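K.L.:
Here is the input, now give the coordinates:
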Amino acid sequence: GCYTLAVYKPLEGIDTEVCMGGSIGLANGIAKVQISDNPVLAILGDSTFFHSGIPALINAVFNKNNMLVVILDNRSTSMTGFQDNPGTGITITKEPGIRVVLEDLVKGCGVSPENIWVEDAYKLNETIKKLEEAVKAKGVRVFISRHLCSLVEANQFRVQQIKPPSIMVDQEKCIGCMICINKFGCQALNFNEVDKKVSIDSSVCRGCKVCIDVCPQDAICEEIE
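P.N.:
Numbers count the residues shown, from 1 in each chain. Predicted structure coming up:
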């Protein structure tokens, strides 16, 4: 899935990658032999979870493993062509269907309700807070990070003739610390080597506004027309 791109800089957020849906199964084995205090995290998308993550999650619950599963729910199978999945509520023939709610499915796999967290991926501070809670908890835990795929959302904006938020960098506040680039890694952020300032490429920016929370100088803001 798209999340596998996190293996590259600047995120470098994935230690092991084998195959589609392999994360929870691998985490099961690692959790059984883990001797350090480092948390065991399995990351996969909503489509991948529906495809092959369910049996592995049941196995984790059955074997009383101590691990966290992070499901990145973008309501789309974006990496392979934006196909729908059971979580979208749209059938293969593009007709309205029954949407399988991830939280309910996870509960059905045996995960305790108090070990399930859900947050909008675009709400950075809230996401960090809940994710920290999930990491510190014990047993089999599931954190669902949810927001519609930015490409799908951008297409919906075009169809509905909605102008996405315009994000800008206040050049007077920007000190060129590059935290937004080195930690966040959004491709719309550009660093000018001459001015030592960051700017935003509006042709690439999707208007998610997450970078606003990332900047420690409050230099990134929404441009109000």
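
K.L.:
if you take the average position of this protein, which residue is closest to it?
P.N.:
L72 (4.5 Å; Cα atoms, centre = their mean).

K.L.:
Let's verify that residue: helix, strand, or coil?
P.N.:
At L72 the chain is in strand, as set by DSSP: H, G, I helix; E, B strand; the rest coil.

K.L.:
Hmm, it is touching F49, no?
P.N.:
No: in this structure, L72 sits apart from F49 without contact. The criterion is Cβ atoms under 8 Å, and the distance is 9.2 Å. Placement of C-beta: from N, CA and C, glycine included.

K.L.:
tell me the domain ranges of this protein?
P.N.:
As given by automatic domain parsing, the domain ranges for the chain are 2-154, 167-222.

K.L.:
what distance separates the start and the end of the shortest one?
P.N.:
According to Cα to Cα, to the nearest Å, domain 167-222 extends 4 Å from its N-terminal end residue to its C-terminal end residue.

K.L.:
model confidence over that domain, on average?
P.N.:
With pLDDT averaged residue by residue, domain 167-222 scores 95.

K.L.:
which stretches of this protein form strands?
P.N.:
Taking DSSP state E as the criterion, the chain contains strands spanning 41-45, 67-73, 116-120, 140-146, 167-169, 189-192, 197-200, 220-222.

K.L.:
looking at the ones you listed, which is closest to V7?
P.N.:
strand 41-45 (10.7 Å; Cβ to Cβ).

K.L.:
Can you dump the C-alpha atoms of the closest one in PDB for me?
P.N.:
Taking Å, rounded to 0.1, in the frame of the first residue of the first chain, the C-alpha atoms of strand 41-45 are listed here in PDB:
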ATOM      1  CA  LEU A  41       3.800  -2.300  15.800                       C
ATOM      2  CA  ALA A  42       2.100  -3.700  12.700                       C
ATOM      3  CA  ILE A  43       1.000  -1.200  10.100                       C
ATOM      4  CA  LEU A  44      -1.300  -1.800   7.100                       C
ATOM      5  CA  GLY A  45      -4.100  -0.100   5.200                       C
END
